[in-house]
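A.B. asks: pasted the sequence and its predicted model underneath.
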Amino acid sequence: MSNRTKLKEAFKAAFPHTIPIFAGFWFLGMTYGIYMNVSGFSFLYPMFMSMTIFAGSVEFVAVSLLLGAFNPLQALAMTLMINARHLFYGISMLDKYRGNGLKDIYLIFGMCDESFSINYTADIPEGIDRGWFMFFVTLLNQCYWVFGATLGGIFGSLIHFNTEGLDFVMTAMFVVIFMEQWMKEKNHISAFVGLGVSLLCLIAFGAENFIIPAMLGILGVLTLLRAPLEKETEVRQ
């Protein structure tokens, strides 16, 4: 199989997985672009920020940082706090990203919640290059976000509608991904661990601060359960 054919097949395999992301990113990206526009920024700001930052929550926060006093330490601390969950994503993807050459550089840069969900759970068809599949998933998702943000920045002054509630699109998408994973797996211990630890952390730390403690707790519990879970998987196989 030639390199061109390999790339084409990987793109065709990756694209259907990203269609739900397009719907969410287009709306949220538009919202971000409109927000930048009404805050007094040219469409060039959301366009280049979505290309270089590619972290939706941070990009929204960056608007207030750009409008406020220059404080790089505050920007650094806030970015680390908001995106700290990606540390756990990265740990989970160590084996999957290994051995993909220079593509790993972009895969690490472009990893977002949605790309992680697809690349971690997708059943890549036999004969499809795994590295290129993950590369195109990541690239397509970023293109969707850049497209939406740029469009919102350009037409923000012309569009007037209530965008409240649009962020629920992404919540609904993650529920669907969770259900697909639930139906795919015969052993639901990891799902129950995730739900249980998240619920406990939500009660203990509140909705604003539970994500990082929950991820630490899930990582710790699954690490302790790793050996028996792997043993059970080998028995079933």
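C.D. replies: Received, thanks. This one's a predicted model, so the numbers in the text were calculated from it and none came from an experiment. Numbers count the residues shown, from 1 in each chain.
A.B. asks: from here on, just use CA atoms for contacts and neighbour counts.
C.D. replies: Fine.
A.B. asks: what's the local residue count around A55?
C.D. replies: 20 (other CA atoms under 10 Å).
A.B. asks: how near is the closest residue to it other than its chain neighbours to T52?
C.D. replies: Using CA to CA, 6 or more residues apart in numbering and skipping the chain neighbours, the partner closest in space to A55 is C112 (7.0 Å). C112 is 13 Å from T52, where distance means CA to CA, to the nearest Å.
A.B. asks: equivalent analysis for Y89, please.
C.D. replies: Distance of Y89 to T52, given as CA to CA: 19 Å.
A.B. asks: can you check N83 too?
C.D. replies: Look at N83 and T52: by CA to CA, they are 15 Å apart.
A.B. asks: what about those two, which has more around it?
C.D. replies: Between N83 and T52, N83 has the larger neighbour count (other CA under 10 Å), namely 15 against 12.
A.B. asks: for the more buried one, phi and psi?
C.D. replies: Backbone torsions of N83, given as degrees, to the nearest 10, read phi -100, psi 20.
A.B. asks: pull the contacting residues for it.
C.D. replies: N83 makes contacts with 55, 58, as judged by CA atoms under 8 Å, 6 or more residues apart in numbering.
A.B. asks: what do you get for V221?
C.D. replies: Contact analysis of V221 by CA under 8 Å, 6+ apart lists V193.
A.B. asks: quick check: which element contains it?
C.D. replies: Assigned by DSSP states H and E, V221 belongs to helix 211-236.
A.B. asks: any low-confidence regions in this structure?
C.D. replies: 1, 157, 159-174, 176-177, 180-181, 184, 229-237 (pLDDT under 70).
A.B. asks: centre-most residue in it?
C.D. replies: In the chain, the residue lying closest to the centroid (CA atoms, centre = their mean) is D113, at 1.6 Å.
A.B. asks: distance of that residue relative to L87?
C.D. replies: D113 is 12 Å from L87, by CA to CA.
A.B. asks: check E59 too.
C.D. replies: The spacing between E59 and L87, counted by CA to CA, is 19 Å.
A.B. asks: more neighbours: which of the two?
C.D. replies: Comparing E59 with L87 by other CA under 10 Å, the one with more neighbours is E59, at 18 against 11.
A.B. asks: separation between the more buried one and L219?
C.D. replies: 27 Å.
A.B. asks: ditto for A14
C.D. replies: 28 Å.
A.B. asks: okay, those two: which has more neighbours?
C.D. replies: A14 (25 against 17).
A.B. asks: I'd say the more buried one and G131 touch.
C.D. replies: No. A14 lies out of contact with G131 (CA atoms under 8 Å); the separation is 11.0 Å.
A.B. asks: tell me which residues of stretch 6-26 are tucked away?
C.D. replies: Using 16 or more other CA atoms under 10 Å as the test for burial, stretch 6-26 gives 7, 9-11, 13-14, 18, 21-26.
A.B. asks: now swap in stretch 107-117 and tell me
C.D. replies: Across stretch 107-117, burial judged by 16+ other CA under 10 Å covers 107-108, 110-112, 114-116.
A.B. asks: what's in contact with it?
C.D. replies: Outside of stretch 107-117, the residues within contact range by CA under 8 Å, 6+ apart are 21, 54-55, 86, 89-90, 97, 134-135, 137-139, 141-142, 177.
A.B. asks: the residues you listed, buried ones only, as a ChimeraX selection?
C.D. replies: For the buried members of these, the matching ChimeraX selection, counting by 16+ other CA under 10 Å, is:
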select :21,54,55,86,89,97,134,135,137,138,139,141,142
